[in-house]
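1. got a structure for you, letters missing:
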């Protein structure tokens with residue numbers, strides 16, 4: 001029994017959910033519109049201000065899809081009404097970020113600056129030169145962009161230098177000790 005899949009999703013005010021015959025869900029909200037195609041094994045029903053996911057059979061694969069489908073639809077509704085945010089912090093002397101138009105310039109201790117082009121549908125803010133805020137309506141794309149920016153200089157375990165998530169904890173290692 002899927003505990004997550006059986007929960008109903010309440011549709012907030014100002015949000016509109018529609019399901020086509022090919023199991024394509026479209027969510028329209030104040031922040032934008034998201035569309036996603038789902039497996040036909042899961043039947044998606046919109047009843048008033050609630051969305052329900054019902055599985056066709058009790059196969060293992062169908063049970064796995066049940067909770068995933070419900071979670072993805074819920075993330076679509078949350079994204080179009082509230083949006084998603086990931087905050088990155090830059091740690092290190094001389095490491096900094098700057099935003100010029102649609103380009104994020106990163107100085108991360110390499111011999112060159114890294115220029116990252118911000119893709120459509122994603123908003124990047126730089127409140128100060130050591131903080132980057134990635135936001136958007138699609139949870140998956142926000143996470144991918146944040147992970148890609150982090151991959152330019154992952155935090156190292158000795159001094160903690162690099163780009164890390166704001167809620168990430170870097171487990172420190174002890175350096176060499178003289179004998």
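-> That came through fine. From a predicted model like this one, the values you see are computed outputs, not experimental measurements.
2. Quick check: phi and psi on the nearest residue to residue 74 once chain neighbours are set aside?
-> Computed as Cβ to Cβ, 6 or more residues apart in numbering, the closest residue to residue 74 that is not its neighbour in sequence is residue 9, at 5.1 Å. Every C-beta, even on glycine, is put in place using the N, C-alpha and C of the backbone. Note on residue 9: its backbone torsions stand at phi -110, psi 120 [degrees, to the nearest 10].
3. How many neighbouring residues does residue 9 have?
-> When neighbours are defined as other Cβ atoms under 10 Å, residue 9 has 20 of them.
4. For beta bridges, what are the partners of residue 28?
-> Beta bridges link residue 28 to residue 16, residue 33, judged by DSSP bridges.
5. name the element residue 13 belongs to?
-> Following DSSP states H and E, one finds residue 13 outside all helices and strands.
6. Looking at it now. What's its pLDDT?
-> Turning to residue 13, the model gives it a pLDDT of 91.
7. and if you look at residue 52?
-> We note a pLDDT of 93 for residue 52 in this prediction.
8. right, and it touches residue 8 too?
-> Yes. Using Cβ atoms under 8 Å, residue 52 makes contact with residue 8 at a distance of 5.4 Å.
9. More neighbours: which of these two?
-> Each of residue 52 and residue 8 has its neighbours counted (other Cβ under 10 Å); residue 52 has more, 16 against 13.
10. Quick one: low-confidence residue ranges for the chain.
-> Within the chain, the segments meeting pLDDT under 70 span 1-2, 178-179.
11. Please repeat the previous calculation with a cut-off of 90.
-> Across the chain, the ranges flagged by pLDDT under 90 are 1-6, 48, 56, 174-179.
12. So which other helices or strands are in contact with the longest helix along it?
-> The residue-count maximum for a helix in the chain (DSSP state H) belongs to helix 60-81. The elements that helix 60-81 packs onto, with contact taken as 3 or more Cβ pairs under 8 Å, 6 or more residues apart in numbering; DSSP states H and E, are helix 3-6, strand 9-10, strand 24-29, strand 32-37, strand 42-47, strand 50-55, helix 139-150.
13. Run a quick neighbour tally on residue 43.
-> As a burial measure, residue 43 scores 14 neighbours (other Cβ under 10 Å).
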